[in-house]
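Peer 1: Sequence plus predicted model, see below.
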Amino acid sequence: MFINFAHIPRQDGLLSWLVTREEGAQLSLWVDASDIAIGGTLSQLSQGKWEPIAFFSMKLNKSQQKWSTYDRELFLIYSAIKKFKHMLEGREFQIYTDQKPLIYAFKQNPDKCSPRQLRHLDFISQYSTDIRHVQGSQNIVADALSRIEVDSITKSPILNFKEFARAQKDDSDIQKFLHNDASSLQLELKPCQTSNCNLLCDTSTGVPRPFVPTSFRKLIFDHLHNLAHPGIAASTKLISARYVWPGMKYQIKQWVRCCESCQRSKIQRHTKTPLGTFSLPDARFTHIHIDIVGPLPPSEGQIYLLTIIDRFSRWPEAISIPDMRA
C-alpha cells in the first residue's frame, strides 16, 4: 500500500519535526526537568523560528530524584551540553529554562554552592553563561521529554502475560524466593496494564521487574538479544533492567556464546600486530607495500585485487586477479 506522507497534517502543538542542521545558524538549548526525568532540545534559528535539530532525555536515579528542583535543572544543563558537545564547542548559544533562579547561577557567591553545583557550573561555563528564563508554556517539547513514563509493565508482542502469570504460580524458583526472608528481592504483585492479571515483580530497583519463570527465560532472552545481538555485558544490562530471575548472568553468558549469528559475525579474539619500523625511502618506488584484497563479487572472472602502494609518494595501484596463486 502506498502512503503519501506529504498529505499527513502537521500539528505543531502535538508534534515536533527534527530539521537538518544549518551551518552558522544561531543555536539555543531548551531544557526542563521533572521529578523523575530530564529532557532538552537543541534548536536553531531559521527564518525567525526556533526549529529542533536534536533531542535529549534521561531518567533520574533514586538519589537524583531527591535533589532540589534547582539542582535537577542545573544537572540537566550539564548533561545536555555533554550530550551535544560536538555541536556546541566553539559556538555561542543561549540556554532557556523555566527555573528562574538559574539565570543568576553565575552571579551568586561561589561559597554558597555545593561542590557538585560548582563542578556543574564550571563545566557549563566552558560553553555558555547565557541562561535565560522562559515560560513553561513556551517550553513544551523539553517538558514532554522530561516526563518519561515509568513504573509500568508494557505489552510485549511475543509474551502472553496471562500464561506468564500462571507459570509464575507453578514455578519452584519463585516459591523458594517467596519463603526466603534473606533475599534482596522485594517481590510484590503488580497489575499488568495490558492484561487482566497480576504479575509477581521485584520492586527493589524502583521499577517493577517481573520474576521470569523457567519456561519463559529463553524466550525473553531471544526476544531482546535478537534486536541487535549485543555482547554478554550489554545483553545482561538490557535484560536485567526489565526482568529478574536467579542465575540470570550465567545463563545469559552461555546463551550469548552459543548464539549462531554472533559467532558468524563477531571476532572473539583480535590479533594485535605490533608497530613495525621501516627506514625512510629516499626515492620513488624503492619501497612498496603489497597486499591482496578479497574475495570480492566476481567481475569478468576476477575476484581478488592485488594492491600496491609506494611508500615515498603514496601512489596506489590495484590489479584485478582471478585467484591468489602466484
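Peer 2: Happy to help now that I have it. Residues are numbered from 1 along each chain as shown.
Peer 1: Check which helices and strands the helix or strand harbouring Gln94 sits against.
Peer 2: Secondary structure assigned from DSSP states H and E places Gln94 in strand 93-97. With contacts taken as 3 or more Cβ pairs under 8 Å, 6 or more residues apart in numbering; DSSP states H and E, strand 93-97 sits against strand 27-33, helix 69-83, strand 131-133. (Glycine included, C-beta is placed from N, CA and C.)
Peer 1: Tell me how many other residues crowd the closest residue to Pro297 other than its chain neighbours.
Peer 2: Excluding the flanking residues, the one nearest Pro297 by Cβ to Cβ, 6 or more residues apart in numbering is Ile303, at 7.6 Å. Residues contacting Ile303 under the criterion other Cβ atoms under 10 Å number 15.
Peer 1: if we can go back for a sec, and the next helix or strand after the strand holding Gln94 with helix 69-83, angle?
Peer 2: The helix or strand immediately downstream of strand 93-97 is helix 115-125, counting by DSSP H and E. Inter-element angle recorded for helix 115-125 and helix 69-83: 40 degrees (by axes from the mean of the first three to the mean of the last three Cα atoms, to 10 degrees).
Peer 1: Which secondary structure elements does helix 115-125 sit against?
Peer 2: helix 69-83.
Peer 1: Identify each buried residue in the helix it packs on, please.
Peer 2: Applying a neighbour-count criterion of 16 or more other Cβ atoms under 10 Å, one finds 71-81, 83 buried in helix 69-83.
Peer 1: now swap in stretch 183-195 and tell me
Peer 2: Quick answer for stretch 183-195 (16+ other Cβ under 10 Å): 185, 187, 190, 192, 195.
Peer 1: The closest residue to Arg91 other than its chain neighbours bridge partners, please.
Peer 2: Spatial nearest neighbour of Arg91, excluding adjacent residues (Cβ to Cβ, 6+ apart): Leu27 at 5.7 Å. Assessed by DSSP bridges, Leu27 has beta-bridge partners Gln44, Phe93.
Peer 1: still on that earlier bit, of all the buried residues of stretch 183-195, which two lie farthest apart?
Peer 2: The distance between the two most remote of the buried residues of stretch 183-195 (Cβ to Cβ) is 22.4 Å, for Leu185 and Ser195.
Peer 1: Helices of the chain, start to end?
Peer 2: In the chain, the segments counted as helices under DSSP state H are 62-65, 69-83, 85-88, 115-125, 140-145, 161-170, 172-178, 214-225, 232-240, 248-257, 260-265.
Peer 1: what's the closest of those to Pro52?
Peer 2: That would be helix 140-145 among those, by Cβ to Cβ, at 6.4 Å.
Peer 1: follow-up on the earlier one: could you dump the buried residues of stretch 183-195 to a markdown table with distance to Ser63 and pLDDT?
Peer 2: Converted to a markdown table, the buried residues of stretch 183-195 look like this (distance: Cβ to Cβ, whole Å; pLDDT from 0 to 100):
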| residue | distance to Ser63 | pLDDT |
| --- | --- | --- |
| Leu185 | 21 | 83 |
| Leu187 | 24 | 85 |
| Lys190 | 23 | 87 |
| Cys192 | 29 | 81 |
| Ser195 | 33 | 74 |
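Peer 1: Distance to His289 added to those residues, as JSON lines?
Peer 2: JSON lines is the format used below for those (distance: Cβ to Cβ, whole Å):
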{"residue": "Leu185", "distance to His289": "59"}
{"residue": "Leu187", "distance to His289": "63"}
{"residue": "Lys190", "distance to His289": "63"}
{"residue": "Cys192", "distance to His289": "62"}
{"residue": "Ser195", "distance to His289": "63"}
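Peer 1: avg pLDDT for stretch 214-230?
Peer 2: Stretch 214-230 shows a mean pLDDT of 90.
Peer 1: List the buried residues for that stretch?
Peer 2: For stretch 214-230, by 16+ other Cβ under 10 Å, it's 216-217, 220-221, 224-225, 230.
Peer 1: In CSV, list the residues you listed along with distance to His120.
Peer 2: Below are the buried residues of stretch 214-230 laid out as CSV (distance: Cβ to Cβ, whole Å):
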residue, distance to His120
Phe216, 43
Arg217, 42
Ile220, 38
Phe221, 39
Leu224, 34
His225, 37
Pro230, 31
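Peer 1: is it true that Ser240 touches Ala234?
Peer 2: No: at 10.9 Å, Ser240 does not count as touching Ala234 under the criterion of Cβ atoms under 8 Å.
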